[in-house]
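[1] starting from these lines, generate the structure:
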Amino acid sequence: MDSRIERVCETFKNRFGHEPTHVVRAPGRVNLIGEHTDYNQGFVLPMAIDRDILVAASPREDKAVSLYAMQYGTSSLFSLDLVRHSRSNWSNYVRGTVAVFMGSGHSLKGFNAVFEGNIPQGGGLSSSAALEVAFSLLLSELNDLSIDRLVLAQLARRAENEFVGVQCGIMDQFVSLFGKKDSAIFLDCRDLSHKNIPLVLDRYGLKLVLVDSGVKRGLIESAYNARRLECEQGVALLRTKLGRKEIKSLRDVSSAEFTSLAESLPETICKRSWHVISENERVKEAVDALEKGDFGTFGLLLNHSHESMRDDFEASCPEIDLFVQLAQGVPGVLGSRMTGAGFGGCTISLVKANSLDLFRSRVIDPYQRRTGHRAEMMIFSAVDGASSLPL
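    Coordinates of the predicted model:
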C-alpha cells in the first residue's frame, strides 16, 4: 500500500477507533491552455496531474458528518439535518457537496472521513475541485448510488457555484473525473464532448514544468466573479450589435465578427471578450499542433495565451509576469505562461529535458531574489481521473 494511503488510514483508525471502509482519490489538474473559456462555453485543454486528494471514510449509524483535515490538523462536525456554512473554509467544499447531493434528492448516511492532499493550494491546480470530486465519489459509493461520472462532475461543480460561491465552469471537476494517463483532454465546455490528446512528452525529450510562484490568491476575494460578469456583458452587447439572437456565449462570435465592431465596445468589455474569443482559437490550434507533434508552435501558443491573460483579461500580476519573462528568455524553453484563473498561482513551461538545470538557475533563483517569494518547481505527468482504491 502506498505510504500516503497508509498514513491516511492510520490517522482515520487513530481518530475513529476502526479501519475505514472506503478510500478514494481525486487528482488536481493543470490547464495547458484555455483560460476563462470554460464558463464561456468554449474550449479547454487540461490534464489530470499526479497530485491528489486522498479520503478515507466509513458510514455512521446517525446523521452526523465528522471530518478531519490532516494538512490543517483541524476537524469539522455537522449534521445532515442542517448543513450550514462553516468558518472553516475547507469544510465548506465538503458541506457544499453534501448539500447538493441531498438537494438533488439523494438520501445520505452520516459518515466519518479523514483526508489529506498534496496539491499546492491557491496555485490554480484545482485543489478545491479535487476535494469536491473526491467527496462526490465517496458519497456515491458510501450510499450505493452508482451515479454516472458526468453527473458527479456536475454535482461537484454545483457545490462550488451554489454553496461556496465561486462561479467556475465545469472544467476542473470534469478533468478530475475523466483524466487519462499520458493524455490531455480537449473539452468542449458547451456539450461536454471531449477527446483525449496524447501527451507523451518524454518521447520528445520534453518536460512540462509547473512552478508555484508563491503568490497566493483566493478566487472569491479576487476578481474572478467580476471577470465572469464582464464576459456576460460582452455577450449581451455583441448579441445586440450583431443582431444575432442565437449568440449565447462569446464562443458564438468569430474573430472576424468581433474585429468588425470592437471599436464600438467599452474598452474593458472589448478586452475581456477578445481574450475569450482568441483563446478559444488558440486552444484549437494547440490541439492541432500536439496531434502533429509540433511542439514549437504549441510553445508559441502558450506565450500568446499569457500575453492575452496579462493584457486583455488583466488576470496576471507583476510576479507572474516576471517569472514568465525570465522563462521565455531561456534557451530550451519552448513556451511559458500563467495557468489557472490567474491573480497569482502557478506557471507552466514547456522545457527541453536537458535544459532543466539552466531553467532553475536562470529563472527560479533570480525570481526568488527579485520578488522574495519562494518558488516551488514541479514536473507533472498526466494521470487517470478519480477512483476508489483497494484497502
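[2] tell me the pLDDT at the closest residue to residue 180 other than its chain neighbours?
    In space, and not counting its chain neighbours, residue 180 is closest to residue 196: 4.9 Å by Cβ to Cβ, 6 or more residues apart in numbering. No exception for glycine: its C-beta is placed from N, CA and C like everyone else's. What the model reports as pLDDT for residue 196 is 98.
[3] give me the element residue 196 is part of.
    Using DSSP states H and E, residue 196 maps to strand 194-198.
[4] one step back: list the contacts of the residue nearest to residue 180.
    Residues in contact with residue 196 (Cβ atoms under 8 Å, 6 or more residues apart in numbering) are 180, 183-186.
[5] and the gap between it and residue 178?
    9 Å (Cβ to Cβ, to the nearest Å).
[6] could you pull out the strands for this structure?
    Using DSSP state E, the strands of the chain run over residues 22-33, 43-59, 64-69, 74-79, 111-117, 183-188, 194-198, 206-212, 333-339, 346-352, 376-379, 387-388.
[7] wait, residue 54 touches residue 20, no?
    No - with contacts defined as Cβ atoms under 8 Å, residue 54 does not count as touching residue 20, sitting 10.7 Å away.
[8] in terms of neighbours, single out the busier of these two.
    With neighbours defined as other Cβ atoms under 10 Å, residue 54 and residue 20 compare such that residue 54 has more, 23 against 20.
[9] run through the bridge partners of that one.
    residue 25, residue 116 (DSSP bridges).
[10] distance of it from residue 97?
    Taking Cβ to Cβ, one finds residue 54 at 16 Å from residue 97.
[11] ok, residue 372 next?
    Distance from residue 372 to residue 97, by Cβ to Cβ: 37 Å.
[12] okay, and for this structure, where does confidence drop off?
    1, 123, 217-222 (pLDDT under 70).
[13] next up, the contacts around the residue nearest the centre of it.
    In the chain, the residue lying closest to the centroid (Cα atoms, centre = their mean) is residue 126, at 3.6 Å. The contact partners of residue 126, by Cβ under 8 Å, 6+ apart, come to 28-29, 119, 172, 175-176, 340.
[14] buried ones among those residues?
    28-29, 119, 172, 175-176, 340 (16 or more other Cβ atoms under 10 Å).
[15] what sits against the nearest residue to residue 51 once chain neighbours are set aside?
    Leaving out its chain neighbours, the residue that sits closest to residue 51 by Cβ to Cβ, 6+ apart is residue 119, at 4.5 Å. When contacts are counted by Cβ under 8 Å, 6+ apart, residue 119 touches 27-28, 49, 51-53, 125-127, 130.
[16] which residues do residue 196 and residue 178 both contact?
    Joint contacts of residue 196 and residue 178 (Cβ under 8 Å, 6+ apart) are residue 185.
[17] ok so, going back, who has more neighbours out of residue 372 and residue 97?
    residue 97 (27 against 9).
[18] mind listing what the more buried one touches?
    Per Cβ under 8 Å, 6+ apart, neighbours of residue 97: 132, 135-136, 139, 155-156, 159, 163.
[19] one more pass at 6 Å, please.
    Residues near residue 97 by Cβ atoms under 6 Å, 6 or more residues apart in numbering: 132, 135-136, 159.
[20] compute the number of surrounding residues for residue 373.
    17.
[21] verify the contact between it and residue 214 for me.
    Yes - the pair residue 373 and residue 214 qualifies as a contact (Cβ atoms under 6 Å) at a distance of 3.3 Å.
[22] wait, which of the strands of the chain is closest to residue 88?
    Residue 88 sits nearest to strand 74-79 of all the strands of the chain, at 5.3 Å, using Cβ to Cβ.
[23] between strand 64-69 and the closest one, find me the angle.
    If you take axes from the mean of the first three to the mean of the last three Cα atoms, to 10 degrees, strand 74-79 sits at 170 degrees to strand 64-69.
[24] what's strand 74-79 packed up against?
    strand 64-69 (3 or more Cβ pairs under 6 Å, 6 or more residues apart in numbering; DSSP states H and E).
[25] which strands and helices sit next to the strand it packs on?
    Partner elements for strand 64-69 (3+ Cβ pairs under 6 Å, 6+ apart): strand 74-79, strand 111-117.
[26] quick one on the thing from earlier: a markdown table for the strands of the chain, including distance to residue 243?
    Listed next are the strands of the chain as a markdown table, based on distance: least, Cβ to Cβ, whole Å:
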| stretch | distance to residue 243 |
| --- | --- |
| strand 22-33 | 32 |
| strand 43-59 | 25 |
| strand 64-69 | 52 |
| strand 74-79 | 51 |
| strand 111-117 | 49 |
| strand 183-188 | 26 |
| strand 194-198 | 33 |
| strand 206-212 | 44 |
| strand 333-339 | 36 |
| strand 346-352 | 40 |
| strand 376-379 | 49 |
| strand 387-388 | 49 |
